[in-house]
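> below: sequence and its predicted model.
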Amino acid sequence: MTETTDLREKAFELLESFSTAMFVTVRGGGVLASRPMHVAATEKDKGEVWFFTGRGGSLAEEVAEEQRVLLAFQNDSSAFLSVRGKARVVEDRAKIKQLWKEAYKVWFPGGAEDPEIALVAVDAIDAEYWDTRGANKVKYLFEAAKAYVKGEKPEINDAGQHGKTRV
């Protein structure tokens with residue numbers, strides 16, 4: 001495996017551990033807007049992240065106007081992921097049925113057949129992560145303590161803890 005492949009694998013490993021993202025879009029006039037969204041699915045082979053939304057809602061409107069988006073993920077204070085991508089609204093009824101979960105009925109009372117349902121697919125362009133879970137946490141705490149004693153910033157060069165990759 002190449003370093004790029006390893007970084008991509010690590011980014012998707014982290015992505016699959018999150019259930020919710022802050023989905024950031026660009027409104028008219030360049031104003032940024034964000035909202036929490038449940039991740040319906042990830043497709044590593046295609047580099048896609050899927051979300052349910054309303055066809056006439058602000059997310060669908062904003063994505064139709066400007067495709068560039070940012071997804072921000074956080075798991076307590078030990079894992080963070082930022083995914084930059086291009087979003088598109090998808091009204092594929094078969095895909096909606098494939099990704100449907102009963103919990104979505106709260107927002108779409110008509111179930112998977114609700115005519116107001118659409119999907120938003122984000123085609124990931126690149127990702128950056130910070131992971132201080134498990135063994136990475138021990139490494140990070142050691143580097144942080146060492147830096148603190150020396151009056152320096154911690155040096156985090158381990159791809160297991162931090163990395164950037166094209167997806």
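Cool, got the structure.
> doesn't Asp45 fall inside a helix?
No - counting by DSSP: H, G, I helix; E, B strand; the rest coil, Asp45 is not found in a helix; it is coil.
> packing partners of the strand or helix carrying Ala72?
Ala72 belongs to strand 68-75 when assigned by DSSP states H and E. Here strand 68-75 touches strand 20-26, strand 79-90, going by 3 or more Cβ pairs under 8 Å, 6 or more residues apart in numbering; DSSP states H and E. From N, CA and C alone the C-beta is placed, and that goes for glycine too.
> list the residues that contact the residue nearest to the spatial centre of the chain.
Centrality entry for the chain: nearest residue to the mean C-alpha point is Leu71, 4.3 Å, by Cα atoms, centre = their mean. Leu71 makes contact with Ala21, Met22, Phe23, Val24, Val49, Leu81, Ser82, Val83, Arg84, Gly85, Val122, according to Cβ atoms under 8 Å, 6 or more residues apart in numbering.
> for the first one, which non-adjacent residue is closest in space?
The shortest distance from Ala21 to any residue that is not its chain neighbour, by Cβ to Cβ, 6 or more residues apart in numbering, is 4.4 Å, and that residue is Leu71.
> quick check: beta-bridge partners of that neighbour?
Residues in a beta bridge with Leu71, per DSSP bridges, are Phe23, Val83.
> put the alpha carbons of the strand holding Ala72 into PDB.
C-alpha atoms of strand 68-75 as PDB (Å, rounded to 0.1, in the frame of the first residue of the first chain):
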ATOM      1  CA  ARG A  68     -19.100  22.700  -2.800                       C
ATOM      2  CA  VAL A  69     -19.700  21.500   0.700                       C
ATOM      3  CA  LEU A  70     -17.800  20.600   3.900                       C
ATOM      4  CA  LEU A  71     -18.700  17.700   6.300                       C
ATOM      5  CA  ALA A  72     -17.300  18.000   9.800                       C
ATOM      6  CA  PHE A  73     -17.300  15.100  12.200                       C
ATOM      7  CA  GLN A  74     -16.300  14.800  15.800                       C
ATOM      8  CA  ASN A  75     -16.400  11.900  18.200                       C
END
